[in-house]
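> From the sequence below, what's the structure:
(chains A and B)
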2 protein chains.
Amino acid sequence: MESKRIAVVLLSGGMDSAVVLAIARLQGFACEAISFDYGQRHRFELESAARVARALGAAGHTVLPIDMRAIGGSALTDDIDVPKDRSDIGEGIPVTYVPARNTVFLSYALALAEVKGAWDIFIGVNALDYSGYPDCRPEYIEAFRRMANLATKASTESGAEFQIHSPLSEMRKVDIVRKGAELGVDFSMTHSCYDPDGEGRSCGRCDACLLRLKGFEEAGMEDPLSYVA
Amino acid sequence: MESKRIAVVLLSGGMDSAVVLAIARLQGFACEAISFDYGQRHRFELESAARVARALGAAGHTVLPIDMRAIGGSALTDDIDVPKDRSDIGEGIPVTYVPARNTVFLSYALALAEVKGAWDIFIGVNALDYSGYPDCRPEYIEAFRRMANLATKASTESGAEFQIHSPLSEMRKVDIVRKGAELGVDFSMTHSCYDPDGEGRSCGRCDACLLRLKGFEEAGMEDPLSYVA
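Okay, here's the model as predicted:
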C-alpha cells in the first residue's frame, strides 16, 4: 500500500481553516492538524478546532500551549477592547493584530512537519478580505517558505523543499463559504467571533463576525451559528 | 535625555549568548533578554540565563514557556541519548538538533521586538564550530530577516527594518572565549552542558562541553565550571 503524503494544517477553529483542512483532505493528504492555545480570551476556538479535526478526518491534532500574553501587544491577548461595528474594515492594520503571530504559528508548523515527515503546510490566510494583516500577504508567505527551506535538517539533508499552501489567499469570504459548503464543511462546528459571550454565542459586531456574516449573506446562505446581536 | 535604542537578545544561559549580550550592551543598546523554557532536560540553563541577564545589565528578561516536547524529534527534548566523546563534531547534523528551533526562537524574539519598539535582534549563532545546524548559517539568518520585514505591523507601517545581528557568526570558540574575557563576562555564571548531573556539574563529554573546553584550552584560559569527567 502506498503511503499517503502528509500535510500539516494550521487549524484555528474558525471557518477559513476548516475549509483549508477540507481542501487538503480532498487533495489526498493525511493531515496533521495543529492548533495553539495562545491565551485566547475564550476557549471556544479550541473546542471548535477539535470538533473540526475529528469531523474532517485529520490523522492527528496537536494543541500547543504558547504564551503570547507574556509578549502582549494585541486586543486578542491583552485587555484592549475588540472593536465593534467597524465600517472601515480593511483599512489599516486592526488592533486585533497579534505581533508576529503567523510567524510563530508557521514556525511550530514547520517543526511539526519536520518531525512528521511532511513537506506541505497549509494555512488559511486570506489576502483580500483581511489585507490589514501583513503576515497574510502572499509575499510574506513566500519569504517564509524560502526561510523554512534553509532552516531545517530535513530540507538540508534531502534537498526536498517545503511548500506553504494558502489556498484561500485569493478568495473572498463568499467564495470561502461556497467552497466549504461544496466540500461538506459543517459550519456549525466553526467559531469566528473575537468576543463571544459566556455561552460561546458570537457577538455579531466584531470584524470577524461582520466578515463572516457578509460572506454568508453574499452566498445566499444562512450562518448556522447563534448570535447575540 | 535621548532614549536608548532597544535590542532583543536571545539568551540561553550558555557562554555564546552571554558574550552576545555583552557585545550588544557595549554597542549601547538597552537590552531585552528573552529565554525559553522549552522542556530542557535540566533547569540549570534558565538559572544561568537569569544570572547572566542581571550581571550584564539587561533592561528586562522575559522567560517564555514553549512546548517543544509536544513536537519532539530531538535528543535535547526526547528520551534520546546525548552523544558523548564524539571525534567527528562538525560532520553532519547532530541528534541534538531541535526541529526549527532557531526559527521558533527568532519568531518570538520578533514578536517581543515589535511590542518593545526594538529594531535589533541579537542571536549567538555560530557558523564555524557548529556548522552542523542548518539554522545557524548566515544565509538562514538573512532569509529570516527578509521574512521578518514582511511579517510585522511595525515594519509595514513605518518602513523601518529589523536587523538580525549574529556577531559570533564567524568566530571560533577560542575567539568567543577571548572576546568574553575582554568584555568582562563571568563565565562561571554560564552553562553549556547538554547532560549535566543532578547538581548541575557539566559532563565534559557532550558536544557542547567538548567545544567549550577546546575553546578555553586554545585561549590558554581555565574554564571556571566544575566538570564530572
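> what residues does the longest strand anywhere in chain A touch?
Assignment by DSSP state E gives strand A:30-37 as the longest strand of chain A. Identification of contacts with strand A:30-37 by CB atoms under 8 Å, 6 or more residues apart in numbering or on different chains yields A:4-13, A:21, A:24-25, A:45-46, A:49-50, A:53, A:56-66, A:105, A:108-109, A:112-113, A:116, A:118, A:122. Yep, even glycine has a C-beta here, placed from its N, CA and C like the rest.
> Can you list the strands that that strand pairs with?
Strands that pair with strand A:30-37, judged by DSSP bridges, come out as strand A:6-10 (parallel), strand A:60-65 (parallel).
> Keeping just the C-alphas, turn the longest one into CSV.
Provided in CSV are the C-alpha atoms of strand A:60-65 (Å, rounded to 0.1, in the frame of the first residue of the first chain):
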residue,chain,number,x,y,z
GLY,A,60,-3.8,13.8,14.3
HIS,A,61,-4.3,17.0,16.2
THR,A,62,-1.6,18.7,18.2
VAL,A,63,-2.6,21.5,20.5
LEU,A,64,0.4,23.6,21.6
PRO,A,65,0.2,26.0,24.6
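> Just after it, pick out the following helix or strand.
Note on strand A:60-65: by DSSP states H and E, the next helix or strand toward the C-terminus is helix A:101-116.
> now the angle from that following helix to strand A:6-10?
160 degrees (axes from the mean of the first three to the mean of the last three CA atoms, to 10 degrees).
> averaged over its residues, what pLDDT does helix A:101-116 have?
In this model, helix A:101-116 has a mean pLDDT of 94.
> cool, stretch A:199-213 as well?
For stretch A:199-213, the mean pLDDT works out to 90.
> end to end, how far does that stretch reach?
19 Å (CA to CA, to the nearest Å).
> List the buried residues in it.
A:200, A:202-213 (16 or more other CB atoms under 10 Å in any protein chain shown).
> likewise stretch A:147-167?
So stretch A:147-167, judged by 16+ other CB under 10 Å, has buried residues A:147-156, A:162, A:164-167.
> filter those down to the ones near chain B?
The subset of the buried residues of stretch A:147-167 within reach of chain B, by CB under 8 Å from any CB of the partner chain, is A:147-148, A:150-153, A:155-156.
> Would you mind measuring the gap between the ends of stretch A:114-134?
From its first residue to its last, stretch A:114-134 covers 26 Å (CA to CA).
> how far out from the middle of the chain is it?
Here stretch A:114-134 is found 7 Å from its chain centre; the criterion is CA atoms, centre = their mean, to the nearest Å.
> quick one: it near chain B?
Yes: using CB under 8 Å from any CB, stretch A:114-134 reaches chain B at A:114-115, A:134.
> Of the residues you listed, grab the buried ones for ChimeraX.
In ChimeraX, a selection of the buried entries from those looks like this (16+ other CB under 10 Å):
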select /A:114,115,134
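> Turn the residues of stretch A:114-134 next to chain B into CSV, including distance to residue B:187.
Formatted as CSV, those follow (distance: CB to CB, whole Å):
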residue, distance to residue B:187
A:114, 33
A:115, 34
A:134, 41
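> ok, so of the residues of stretch A:114-134 next to chain B, who is nearest residue B:185?
The shortest approach to residue B:185 among those belongs to residue A:114, at 33.6 Å (CB to CB).
> Residue A:212 against residue A:192, yeah?
Yes: counting by CB atoms under 8 Å, residue A:192 is a contact partner of residue A:212 at 4.6 Å.
> tell me, what's touching the two both at once?
A:15, A:202.
> check contacts around residue A:188.
Under the criterion of CB under 8 Å, 6+ apart, the neighbours of residue A:188 are A:224-225.
> who's in contact with the helix or strand of chain A with the lowest mean pLDDT?
Sorting the helices and strands of chain A by mean pLDDT, DSSP states H and E puts helix A:153-158 at the bottom, at a mean of 87. Here helix A:153-158 makes contact (CB under 8 Å, 6+ apart) with A:113-114, A:117, A:148-150, A:160-162, B:93, B:97, B:99, B:134.
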